[in-house]
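Asker: Please work out how this folds:
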Amino acid sequence: MAETLGSLVDKISIIELKRFHMEEQINRSDVSQNHIEECQQRLTILTQQRDDLIAELDQLVQDVLSGKKQLKIYRQFKMYNDPKYQMRKT
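Answerer: Numbering: from 1, shown residues only. From the prediction side, this is the model:
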């Protein structure tokens, strides 16, 4: 599985923040029409990317619920700041 539930939600939230700020740019009155049009094009792309990620998330959830896919738990094994992994100086 290339994406996890968490990574998809993370990407969707980041794109939503970008969309929010791009909409702010579109609604500015102190910028050129060219700037507004460029931001509108970018908002269209961001919206498509968001919609693609939502579709991917929906499919993953359906696959998990139907038993077609199983979620894996990836454990973190941190070695820094743990004395038992530090090399002894000789």
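Asker: Please point out which parts of stretch 46-60 sit buried.
Answerer: Under the neighbour-count criterion of 16 or more other CB atoms under 10 Å, stretch 46-60 has Leu46, Arg50, Leu53, Leu57, Leu60 buried. To be clear about C-beta, it is placed using only N, CA and C from the backbone, and glycine gets the same treatment.
Asker: what's the farthest-apart pair in the residues you listed?
Answerer: Leu46 and Leu60 (21.0 Å; CB to CB).
Asker: Assign Arg88 to helix, strand or coil.
Answerer: Three-state assignment for Arg88 (DSSP: H, G, I helix; E, B strand; the rest coil): coil.
Asker: Begin at 20 from now on, thanks
Answerer: Shifting the count to begin at 20 puts that one at Arg107.
Asker: Check the burial of it by counting its neighbours.
Answerer: A count of nearby residues for Arg107, using other CB atoms under 10 Å, gives 4.
Asker: What score does it have for pLDDT?
Answerer: With respect to pLDDT, Arg107 has a value of 80.
Asker: residue nearest the centroid of the chain?
Answerer: Lys30 (0.7 Å; CA atoms, centre = their mean).
Asker: Tell me the helices and strands packed up against the top helix by length along the chain.
Answerer: Assignment by DSSP state H gives helix 52-85 as the longest helix of the chain. Counting contacts by 3 or more CB pairs under 8 Å, 6 or more residues apart in numbering; DSSP states H and E, helix 52-85 packs against helix 24-45.
Asker: and the helix it packs on, how far out from the chain's middle?
Answerer: 8 Å (CA atoms, centre = their mean, to the nearest Å).
Asker: what sits up against that helix?
Answerer: Outside helix 24-45, the residues within contact range by CB atoms under 8 Å, 6 or more residues apart in numbering are 50, 54-55, 58-59, 61-62, 65-66, 68-69, 72-73, 75-76, 79-80, 83, 90.
Asker: What of stretch 84-103?
Answerer: If you take CB under 8 Å, 6+ apart as the criterion, stretch 84-103 is touched by Met20, Thr23, Leu24, Leu79, Gln81, Asp82, Val83, Tyr104.
Asker: Quick one: mean pLDDT for it?
Answerer: 86.
Asker: ditto for stretch 61-81
Answerer: 97.
Asker: Right, I'll call it a day here.
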